[in-house]
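> let's see this in three dimensions:
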Amino acid sequence: MKNFYIKTESLTKITLLTFLLLAPAISLAEINVKKWTKNCVKDTEVCFVGIKAEISIPGSDKKQTLATTYIRLASKTERKMDLIDGENKTYKLKEENKLVPILFIDLPLNTDLTKNPLVQIDGKNIINVIFTHCNTDSGCSSRISLNDEHINSFQAGKKLAVTFGVHSKENMSVTFPLKSFTKSYDGLFK
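Okay, here's the model as predicted:
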């Protein structure tokens, strides 16, 4: 029975990872700087909520995106054994699809990949995210699944901070307001 649960857990992780890798790419161009907004990928049902932080380019009126954070829902299949007949000890495998919020954070290149970024809400440590890859389009990307406690912290908080290591400097922190988070996040379920 123990091997069954290990195999089920592995299958769940593979299913979740496959969904995340095969899902259409998200266009982050529509993400707002001042508040969380819901955006959907054109011609699909893939929606996400996000916000970005920008910095001014010295000697120019232009701004450049420093970091982006967004949450997208992924489908996770959970398998459980349900007791059908207690006298005969008969069980049936039950599958249930569950939506799991995944937090994505894109940080600039030159990020120290040996230090996982720390997510804080109103100064309280919430979770460390895990780097997945770096490229010239989105910088260094990281992600992690969130639970109900994490989402409650996002909804109750005022300020989200992501602290990460940078080569040649001490740790750097990027701050995002949590304004409109709850309304945007709730919109993912509609």
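
> CA only for contacts and neighbour counts going forward, please
Fine.

> centroid-nearest residue for this protein?
Nearest to the geometric centre of the chain sits residue 103, at 1.0 Å (Cα atoms, centre = their mean).

> pretty sure that one sits in a strand.
Yes: using DSSP: H, G, I helix; E, B strand; the rest coil, the assignment for residue 103 is a strand.

> and it, how far from residue 61?
Residue 103 sits 31 Å away from residue 61 when distances are taken as Cα to Cα, to the nearest Å.

> could you do residue 186 as well?
On the measure of Cα to Cα, residue 186 and residue 61 end up 35 Å apart.

> more neighbours: these two, which one.
residue 186 (11 against 7; other Cα atoms under 10 Å).

> so that one sits in a helix?
Yes: assigned with three-state DSSP, residue 186 falls within a helix.

> how far away is it from residue 37?
11 Å.

> who are the packing partners of the longest strand seen in the chain?
Counting residues, the longest strand found in the chain (DSSP state E) is strand 63-85. Helices and strands touching strand 63-85, by 3 or more Cα pairs under 8 Å, 6 or more residues apart in numbering; DSSP states H and E, are helix 2-22, strand 47-56, strand 90-107.

> tell me what residue 102 is bridged to.
residue 72, residue 145 (DSSP bridges).

> now for it: which residues touch it?
Contact partners of residue 102, counting by Cα atoms under 8 Å, 6 or more residues apart in numbering, are 71-74, 143-146.

> sec struct for residue 154, please.
Secondary structure for residue 154, judged by three-state DSSP, is helix.
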